[in-house]
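Novice: how would this look folded up:
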Amino acid sequence: MPAFSRSRFARWQVSAVVLVLLAALASPLHAEDGAAGRHSLRPNSYILVGFVGGFVHHDNPHHGPVFMAGHISRDFPNDAYVQVFENRHRNAAYQTILRLLDSNHDGVLRQEEKAEARIILFGQSWGASAVVMLARKLDRAGIPVLLTVQVDSVAKPFEHDGVIPANVAAAVNFYQPRGFVHGRSLIRAADPARTRILGNYLYDYHQTPVTCEGMPWIERTFIPGHMHTECDVNLWSQVESLVRQYMDASHLIVASNP
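Specialist: You can find the predicted model right below:
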């Protein structure tokens, strides 16, 4: 194995171990999320799927994907299905989307049902990498995605979170560069003609630290920069604002990306 590949793989391994140990100590494991089979969408409703990082509980209110999802759920109770999953439950999220799009409940997605998809994916850390992996799986199924949002994206070994598939209309990346565990600084489109990269935005908490409440001491001690992207209210307000803009303008976005 070439030296570069060997060092990158070693970094993946150590990063994975650090995140597993930190997150496992920070919060308990729990059973599968959600109850997708109990929901039905109206035509042109939105599907918002978020992923938390590490082994964070899917309803931990101190984490950005969770409190942002709560805000949107309250404001769009009848026009959106909003669910946060743990990153290791990516397949459950995929099955949820399939069931929600299956408007006639026949177990087969018709092209018309796929065309009605209004999907937004967002996540932090391993959850951000899960966003790209889920978008890629939806691409193979011929299902479009309005927007993907990655916050301090950290890929697990053998995952590739830097290239956004062509079924995604727009994608954005927020990252911080400090500490052993930090997000990727750059994403790019597999097909720039079909996917608009809105930007790769740097947050430097060494210069402008934020206060995080309810976060375990082990994260505050060992991965403070990465931790800040979980709880930074300003960052997640920016994400929420962007998501709301895309929900308001979704018909224009879809029309320009057939």
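Novice: just the helices in the stretch 1-150 of the chain please.
Specialist: When secondary structure is read from DSSP state H, counting those that start in this stretch, the stretch 1-150 of the chain shows helices at 3-26, 64-75, 90-101, 111-115, 126-140.
Novice: could you pull up the mean pLDDT of the fourth one?
Specialist: If I follow you right, that is helix 111-115. Per-residue confidence for helix 111-115 averages out to 93 on the pLDDT scale.
Novice: list the buried residues for that helix?
Specialist: When neighbours are counted by 16 or more other CB atoms under 10 Å, the buried residues of helix 111-115 are found to be 113-114. Glycine gets a C-beta too; all of them are placed from N, C-alpha and C.
Novice: helices and strands around that helix, which ones?
Specialist: Other helices and strands packing on helix 111-115, by 3 or more CB pairs under 8 Å, 6 or more residues apart in numbering; DSSP states H and E, are absent; none qualifies.
Novice: can you tell me how far Glu86 sits from Ala169?
Specialist: Plainly put, Glu86 is 26 Å away from Ala169 if you go by CB to CB, to the nearest Å.
Novice: swap in Asp59?
Specialist: Going from Asp59 to Ala169 by CB to CB gives 29 Å.
Novice: ok, the two, which is more surrounded?
Specialist: Here Asp59 and Ala169 are compared on neighbour count by other CB atoms under 10 Å; more neighbours surround Ala169, at 21 against 13.
Novice: which SS class is the more buried one?
Specialist: Using DSSP: H, G, I helix; E, B strand; the rest coil as the criterion, the local structure at Ala169 reads strand.
Novice: that one contacts Ala193, correct?
Specialist: No. Using CB atoms under 8 Å, Ala169 and Ala193 do not qualify as a contacting pair, with a distance of 11.6 Å.
Novice: which strand or helix spans the closest residue to Asp232 other than its chain neighbours?
Specialist: Leaving aside its chain neighbours, Asp232 sits nearest to Val210 (5.0 Å; criterion: CB to CB, 6 or more residues apart in numbering). When elements are assigned from DSSP states H and E, Val210 belongs to no helix and no strand.
Novice: my guess is Val210 contacts Thr229. True?
Specialist: No. With contact taken as CB under 8 Å, Val210 and Thr229 are classed as non-touching, separated by 9.5 Å.
Novice: neighbour count winner among those two?
Specialist: The residue with more neighbours, out of Val210 and Thr229 and counting by other CB under 10 Å, is Thr229; that gives 28 against 14.
Novice: can you pull the contacts of the nearest residue to that one once chain neighbours are set aside?
Specialist: Leaving aside its sequence neighbours, Thr229 sits nearest to Asp152 (CB to CB, 6+ apart; 4.0 Å). Neighbour list for Asp152: 53, 124-125, 128, 174-176, 182-183, 226, 229 [criterion: CB atoms under 8 Å, 6 or more residues apart in numbering].
Novice: what does Asp152 show for phi and psi?
Specialist: With angles defined as degrees, to the nearest 10, Asp152 sits at phi 50, psi 60.
Novice: how far away is it from Ala189?
Specialist: In this structure, Asp152 and Ala189 are separated by 20 Å, where distance is defined by CB to CB.
Novice: now swap in Arg99 and tell me
Specialist: Using CB to CB, one obtains 29 Å as the distance from Arg99 to Ala189.
Novice: model confidence at the residue nearest to Gly183 when sequence neighbours are not counted, what's the number?
Specialist: If the residues on either side of it in the chain are set aside, Gly183 comes closest to Asp152, at 3.3 Å by CB to CB, 6+ apart. Predicted confidence (pLDDT) at Asp152: the value is 89.
Novice: spit out the contact partners of the closest residue to Pro65 other than its chain neighbours.
Specialist: Nearest residue to Pro65 in three dimensions, chain neighbours excluded: Gly50, at 3.8 Å (CB to CB, 6+ apart). Remark: with contacts taken as CB under 8 Å, 6+ apart, Gly50 is in contact with 65-66, 68-69, 82-85, 121-123, 127.
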